[in-house]
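>>> Return atomic coordinates for the entry below.
(one chain, ligands or ions: 1)
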Amino acid sequence: MLSDKELVDLAFQMLERSYVPYSKFPVGAALVCSDGTVFTGCNVENAAYGSTICAERTALVKAVSEGRRDDLERIAVVGNSADYCWPCGACRQMLYEFNPNLTVLVARADRQFVSFPLHELLPHGFGPKALTQAE
Ligand code: THU
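Next up is the predicted model:
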């Protein structure tokens, strides 16, 4: 099984693929399924700033578009930053859709990382079940 450290290292490899001419803040991600399949991602910015996609969402849409959505296990999110590279709200929300129990590994430049279940990073999250409970 891929260790947490190995997943974090794969995410760090993605920093060089980041397209960040505006923020100059590269972010890498690596998402692993329960059978060990890995989907990586980086942030891809755009001259229309709001069209930027984050590293985590790049990895997620790669997984889902390849038919993987029911067994997402862990994701590593890394940056060259002194503080941990916390996933933004939009990424937490998109990941929550597929697995509120996803393990999220958050790393900083020195490759130290911390680990949380996604539902702790997005408490009382809005998910698919909420839509079935309308009166
Ligand atoms: N960014 C990510 O890739 N993931 C996050 O969760 C936070 C922010 C990117 C978006 C943008 O390219 C840069 O970091 C600065 O906001």
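
>>> Please list the residues of this protein that sit near the ligand.
Where proximity means C-beta under 6 Å from any ligand atom, the interface of the chain facing the ligand comprises 20, 23, 25, 27, 43, 45, 52, 54-56, 87-88, 91. Where C-beta positions appear, they are placed from N, C-alpha and C, glycine not excepted.

>>> For the most centrally placed residue in the chain, which three-state class applies?
For the chain, the residue sitting closest to the mean C-alpha position, by C-alpha atoms, centre = their mean, is Glu56 at 2.9 Å. Three-state call for Glu56 (DSSP: H, G, I helix; E, B strand; the rest coil): helix.

>>> thinking it is in contact with Ala76, fair?
No: between Glu56 and Ala76 there is no contact under C-beta atoms under 8 Å: 9.3 Å.

>>> who touches both of these two?
When contacts are counted by C-beta atoms under 8 Å, 6 or more residues apart in numbering, the set common to Glu56 and Ala76 consists of 29, 31.

>>> which residue ranges form the strands in this structure?
Secondary structure of the chain (DSSP state E): strands located at 27-33, 38-42, 72-79, 103-107, 113-117.

>>> will you turn those into JSON lines that also has mean neighbour count and mean pLDDT?
Formatted as JSON lines, the strands of the chain follow (neighbours: other C-beta atoms under 10 Å; pLDDT from 0 to 100):
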{"stretch": "strand 27-33", "mean neighbour count": "26", "mean pLDDT": "98"}
{"stretch": "strand 38-42", "mean neighbour count": "22", "mean pLDDT": "98"}
{"stretch": "strand 72-79", "mean neighbour count": "25", "mean pLDDT": "98"}
{"stretch": "strand 103-107", "mean neighbour count": "22", "mean pLDDT": "98"}
{"stretch": "strand 113-117", "mean neighbour count": "15", "mean pLDDT": "98"}
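
>>> Would you map the helices across this structure?
Per DSSP state H, the chain carries helices over the ranges 4-13, 55-65, 89-96, 118-121.

>>> Kindly compare burial across the ones you listed and name the winner.
Ranked by average neighbour count under the criterion mean count of other C-beta atoms under 10 Å, the helices of the chain are headed by helix 55-65 at a mean of 22.
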